[in-house]
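> Here is a sequence together with a model predicted from it:
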Amino acid sequence: MNITNIKSFVEFYKFLGITDCVMRHPRNKFNLNLSIKEKEEVKPKNRIMSISDRLENLKSEIKALDCNLKEVATNLVFSDGNHNSTIMVLGEAPGANEDKEGKPFVGEAGKLLDKMLGYIDLNRNNFYISNIVFWRPPGNRTPNDKEISKCLPLTKKHIGLIKPKLLILVGSIAAKSLLSSQDGITKLRGQEHFYIDKDFNLKIPARAIFHPAYLFRNPIEKKRTWEDLLEIDELIKKEKIL
Ligand code: URA
């Protein structure tokens with residue numbers, strides 16, 4: 001039926017005194033309680049959320065977390081780097097500089113970490129970086145088990161959103177927490193690991209390295225860190241991770 005036909009069709013019905021159009025499934029205009037199916041039909045199509053929106057939502061969830069560290073910290077330290085990267089680096093917890101700037105690994109340890117990763121061509125344009133704990137523990141103490149277990153579900157969600165192809169775990173706390181191991185970093189480094197999260201259906205290759213702050217205190221371990229970095233570089237190339 002073309003437009004002219006429709007117009008004369010409507011006019012003919014008006015001439016007959018018909019003012020309403022009854023459809024095959026009459027609709028009660030006074031009843032605004034739409035059925036679930038109808039509600040779905042009028043609802044705008046589910047927008048596919050961008051990764052930036054999802055990360056913003058996660059940040060809001062973290063801000064609402066009931067964690068004692070939040071009360072004494074200046075800033076929430078969320079992340080830095082490229083959220084589209086296939087490599088995610090995770091440290092322990094922010095220090096004083098990170099707390100001030102609201103960005104992970106910006107102090108002395110961060111500079112050394114950037115230098116170490118730079119040796120194998122990794123930089124903040126091609127990796128994404130965060131911490132297990134989102135606020136600075138007072139006096140830069142190690143976060144305790146309660147603080148770690150408060151933050152860990154959201155850190156896991158963070159990994160689930162980024163879905164990296166490789167996790168680099170910096171230091172003992174990051175390695176133990178995400179590999180669910182009681183072993184220390186000396187044992188965990190230099191070995192193949194997988195980060196497994198059944199909730200997000202993830203099995204991600206993971207490597208643990210010494211924390212740069214530990215390397216300041218134990219420079220002798222730089223040699224073993226160099227070997228670990230070379231092995232990570234080999235893995236990235238072999239598995240075409242970047
Ligand atoms: N040490 C960490 O583990 N994370 C930071 O962000 C800074 C120092």
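Sure, I can see it.
> any idea how far the most centrally placed residue in the chain lies from Arg54?
Most central in the chain under CA atoms, centre = their mean is His158, positioned 2.6 Å from the mean C-alpha point. For His158, the distance to Arg54 equals 10 Å [CB to CB, to the nearest Å]. From N, CA and C alone the C-beta is placed, and that goes for glycine too.
> Shouldn't Thr142 be within a helix?
No - using DSSP: H, G, I helix; E, B strand; the rest coil, the assignment for Thr142 is coil, not a helix.
> residues touching it, list them.
Residues in contact with Thr142 (CB atoms under 8 Å, 6 or more residues apart in numbering) are 92-93, 173.
> So which of these wins on neighbours?
Using other CB atoms under 10 Å as the neighbour test, the contacts of Thr142 are led by Ala93, with 27 neighbours.
> Run through the residues that contact it.
131-137, 142-143, 173.
> tell me, how many neighbours does the nearest residue to Cys151 once chain neighbours are set aside end up with?
Distances taken as CB to CB, 6 or more residues apart in numbering place Val133 nearest to Cys151, at 4.8 Å, with adjacent residues excluded. The local packing of Val133 (other CB under 10 Å) involves 27 other residues.
> and what of Ile162?
Applying other CB under 10 Å, we find 23 residues neighbouring Ile162.
> That one and Tyr128 touch, don't they?
Yes - between Ile162 and Tyr128 a contact is recorded at 5.8 Å, counting by CB atoms under 8 Å.
> before we move on, back to that, could you pick out which of the contacts of Ala93 are near the ligand?
Asn131 (CB under 6 Å from any ligand atom).
> Let me see the backbone angles for the single nearest residue of the chain relative to the ligand.
The minimum distance from the chain to the ligand, using CB to the nearest ligand atom, falls at Gly91 (3.0 Å). Main-chain torsions, Gly91, degrees, to the nearest 10: phi -100, psi -160.
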